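Novice: Task: produce atomic coordinates for the following.
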Amino acid sequence: MARSFLPLRSCAGFLLCAFTVGAPASLDVDGTRIMAADSEPGNWISHGRNYAEERYSPLDAVNTETVDRLGLAWYTDLGTKRGLEATPLVIDGILYFTGTYSEVIAVDGRTGKVIWRNDLDVDRSRAKYMCCDVVNRGMAVWKGRLYVGTIDGRLIALDPEDGSVIWDKLTVDLERPYSITGAPRVVNGKVLIGNGGGELGVRGYISAYDAETGEMLWRFYTVPGNPDEPFENPILERAAETWGGGPWWEIGGGGTVWDSMAYDPELDLLYIGVGNGTPWNKHVRSPSGGDNLFLSSIVALDPNTGEYVWHYQTTPGDGWDYTATQHLILADLEIEGEQREVIMQAPKNGFFYVLDRATGELISAENYVPVSWAEGIDMQTGRPIETDNDYSDGPVYQFPSPMGGHNWQPMCYSRDTGYVYIPARQLAMVYRADADFEYEPEFWNVGMDVMKDITVPPWMDAELVSKVGSAMAAGFLLAWDPIKQEAVWRADAGSPWNSGALCTGGGLVFDGTGRGQVRAIDAASGDILWSFDAQQGIIGSPVTYTIDGEQYVSILVGWGGAFGMSFGFASNTLEAPSTQGRLMTFKLDAGGQLPPVRRQERVPEPPESTASSDTLDEGNALYHHYCVYCHGPRGISHPNIADLRTMDATTHRNFLGIVLGGAQADEGMPGFADTLDEEEAMAIHAYLIELGHQELDRRRNEGTLWGSIKSAAYSFAATVVSGIVSLLEWLKNAAG
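Specialist: Sure thing, here's the model as predicted:
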């Protein structure tokens, strides 16, 4: 519901609901208008607000002096329980944004009333090809049309009047596990879109489509194909020389362009961030070594032709999922007395890079979070100075984890302070090569090969998993000086998975946390000046706009994504977490409130646990191979995802129909009949029944003496783990 203190109408089948409220007269946005975004500060007309992707708004009515008057103006319930990651567009008082399963929605920016919504008839069974939730990060607008990519690999042009489809183009091979979660950009009349699937076995590329007709104009592959066949362009022939052995082309190679882009209109250069390899283990992917271009690279292209111009590789021969798909920002900085046109990125690998955006020359690089895989960056070669981090001979405990020091959540750059504000995290990972890995064409056997056997030890029960996981993880908004390459301040967020950032002319940085707080932070000092309890974790990125001279701040609230579906870190700290996805909007002197929510405490009695220890061990292994990425280690997931420890009797009876038959495919739970047989599915079921009994016992013991003893023991274990992590960091720093 939209509350401006309008019930959402539901539509059956193809969800396209049109309303008569505030339909837009014209969205005649082009490159000139995007370049002049500051001339209309009340709008937000592109994904990063302008081509430089600064995410800085000059609006200043909400500022360090007035922000304590900020209150909830309205909220709109979206009817989803999955992650909401989008950055809304705001044009002439209307917000256009995407929800889960690539749904597109338009709402009145003054009241939150829905104008239209369209589910695009997305094939929800493609959810099984999503490594990291059925999310979408936003849309683009160009000359009266909206553009969106879908999880089933389509690029669609929409009429902003009513959300109806103008053209619809398939951009991927549906025989491979491709998906799209990123927001398109439009440059010189060309709609640019990449794709995902780097965990699952695909070959990455970015494509350009004619904004008017939908005709594909060019495609740039980020990794070479079969060297026995003609290369698509000369640079790929050179890139193939950096791949050793193979056949990587059968697995796909990876290198997907699943998120960040930026554009310099003066240089007429498009910049893309390239993802990780498939599989992660470089010794499997490229047995003879090599840098594996253009994995984990920033690549500059001619946006008119797709021709290669330059590249900089942040992690040569990446073997840790250290993507370089993170947010790219263009800025002009004075460095050592010289004005430099730069591009900046804080990719997963933990280093903050400043490059010359005309040539790709490395200007500076320093780690912004603890890093153990490299001692630093060699400024002569631009390459990392790697430590002894090869996991072929045994497990390696390493910072950062595959979640990265920074993931997809956008940074922002303040022209006032000169700082970049990074949604950063401190999280380690134990990498271990799978000695039994063999490539099979089914996608589930390709991805995650260095973490494939992450079975949880039987002595490590649910509560301990949650407590230890929390102890090893930290998240914060980091103010970073890109000239001095040093931290200025850090605002702890209490969770390693938080929202993107918004910088404003009012001296503020806005963000949201996995703990459910919308925050306004002093951009200069890092002091938290205002916060609001959103009732559940936040990963969407805030925007600000004006209507009739009043400044509004909007953010999507709904936790999920790669990390958010596991452990329940956010929900475990909230007294009563909501599972309702919402768009929430604030303005000065508003006094709106959210409805109260109550935690559902009842745990159904599971069937009797009769399986043998061998069957339970098999179910443990199978669960943590196929199910863990959505439902969490040992069944501990965010409450927005079904908790498989608390299935009701009907779900237990229908377990095989759901897991093998796809009975809930339309709800995002695909069938696995092509991957699991009945005996394997029953082993997983037996394991979940056992977990259900353990969870029921845990809740019955709460408040008892034994429960108190266990809780104290778990807290002690978490403290020990946290101390080990701190000690390892201290030793690393001391050695350096």
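Novice: Please enumerate the strands of the stretch 401-550 of the chain.
Specialist: Ranges of strands within the stretch 401-550 of the chain are 412-413, 420-427, 429-431, 473-481, 486-492, 502-504, 508-512, 517-522, 528-533, 543-547, 550-557, based on DSSP state E, counting those that start in this stretch.
Novice: most neighbours per residue, which of those?
Specialist: Stretch with highest mean neighbour count among the strands of the stretch 401-550 of the chain: strand 508-512 (a mean of 29; mean count of other C-beta atoms under 10 Å). (Each C-beta comes from the backbone N, C-alpha and C, glycine too.)
Novice: Adjacent strands (with direction) for that one?
Specialist: Strand 508-512 has the following sheet partners, assigned by DSSP bridges: strand 502-504 (antiparallel), strand 517-522 (antiparallel).
Novice: tell me the mean pLDDT over the longest one?
Specialist: Read that as strand 517-522. Mean pLDDT, strand 517-522: 98.
Novice: Leaving out chain neighbours, which residue sits closest to Asp648?
Specialist: Nearest residue to Asp648 in three dimensions, chain neighbours excluded: Pro604, at 4.8 Å (C-beta to C-beta, 6 or more residues apart in numbering).
Novice: Wasn't that neighbour part of a helix?
Specialist: No. In this structure, Pro604 is coil, not part of a helix, as judged by DSSP: H, G, I helix; E, B strand; the rest coil.
Novice: got the contact list for it?
Specialist: Thr646, Met647, Asp648, Ala649, Gly692 (C-beta atoms under 8 Å, 6 or more residues apart in numbering).
Novice: got the phi/psi numbers for it?
Specialist: phi -60, psi 150 (degrees, to the nearest 10).
Novice: need the contact list for the residue lying closest to Val257 once chain neighbours are set aside.
Specialist: The shortest distance from Val257 to any non-neighbouring residue, by C-beta to C-beta, 6+ apart, is to Gly194 (3.0 Å). By C-beta under 8 Å, 6+ apart, the contact set of Gly194 is Ile180, Gly182, Gly204, Tyr205, Ile206, Ser207, Thr256, Val257, Trp258, Asp259, Met261, Ile272.
Novice: For Gly138, state which of those is nearest.
Specialist: Nearest to Gly138 out of the contacts of Gly194 is Gly182 (C-beta to C-beta; 8.3 Å).
Novice: The closest one is in contact with Gly149, isn't it?
Specialist: Yes. With contact defined as C-beta atoms under 8 Å, Gly182 reaches Gly149; the gap is 6.6 Å.
Novice: returning to that earlier point: could you report the distance from the residue nearest to Asp648 to Leu691?
Specialist: 13 Å (C-beta to C-beta, to the nearest Å).
Novice: Can you check which of the strands of the stretch 401-550 of the chain gets nearest to Val284?
Specialist: strand 429-431 (13.1 Å).
Novice: Do a quick rundown of the helices in the stretch 601-736 of the chain.
Specialist: 613-626, 628-631, 649-653, 655-659, 678-701, 705-735 (DSSP state H, counting those that start in this stretch).
Novice: by contact count, what packs against the fifth one?
Specialist: Applying 3 or more C-beta pairs under 8 Å, 6 or more residues apart in numbering; DSSP states H and E, one finds that helix 678-701 contacts helix 462-471, helix 613-626, helix 655-659, helix 705-735.
Novice: relative orientation of it and helix 613-626 in degrees?
Specialist: In terms of direction (axes from the mean of the first three to the mean of the last three C-alpha atoms, to 10 degrees), helix 678-701 departs from helix 613-626 by 100 degrees.
Novice: buried set for helix 678-701?
Specialist: Under the neighbour-count criterion of 16 or more other C-beta atoms under 10 Å, helix 678-701 has 680-696, 698 buried.
Novice: cool, the first one as well?
Specialist: Within helix 613-626, the residues that qualify as buried by neighbour count (16+ other C-beta under 10 Å) are Thr615, Leu616, Glu618, Gly619, Asn620, Ala621, Leu622, Tyr623, His624, His625, Tyr626.
Novice: Among the strands of the stretch 401-550 of the chain, which comes closest to Val62?
Specialist: In terms of C-beta to C-beta, the element of these nearest to Val62 is strand 550-557, at 5.1 Å.
Novice: Adjacent strands (with direction) for that closest one?
Specialist: In the sheet, strand 550-557 lines up against strand 543-547 (antiparallel), strand 582-588 (antiparallel) (DSSP bridges).
Novice: Would you mind putting the CA coordinates of that strand into CSV?
Specialist: The C-alpha coordinates for strand 550-557 follow below in CSV (Å, rounded to 0.1, in the frame of the first residue of the first chain):
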residue,chain,number,x,y,z
GLU,A,550,10.1,20.6,-1.5
GLN,A,551,13.1,18.2,-1.3
TYR,A,552,12.3,14.4,-1.0
VAL,A,553,14.7,11.5,-0.3
SER,A,554,13.5,8.0,-1.5
ILE,A,555,15.0,4.5,-1.0
LEU,A,556,13.8,1.0,-1.7
VAL,A,557,13.7,-1.2,1.4
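Novice: hang on, the earlier thing: pick out whichever of Gly182 and Gly149 has more residues nearby.
Specialist: Counted by other C-beta atoms under 10 Å, Gly182 and Gly149 do not tie: Gly149 has more neighbours, with 30 against 27.
Novice: okay but the more buried one is in contact with Leu155, surely?
Specialist: Yes. Gly149 sits in contact with Leu155 when judged by C-beta under 8 Å, with a separation of 5.5 Å.
Novice: Now the common contact residues for those two.
Specialist: Both Gly149 and Leu155 are contacted by Thr171, Ile180, Pro184, Ile193, under the criterion C-beta under 8 Å, 6+ apart.
Novice: List phi and psi for the residue nearest to the last one when sequence neighbours are not counted.
Specialist: On the basis of C-beta to C-beta, 6+ apart, the spatially nearest residue to Ile193 that is not a chain neighbour turns out to be Pro184, at 4.6 Å. Per-residue torsions, Pro184: phi -70, psi 160 (degrees, to the nearest 10).
Novice: lowest average confidence, helix or strand, in the chain?
Specialist: strand 16-18 (a mean of 39; mean pLDDT, DSSP states H and E).
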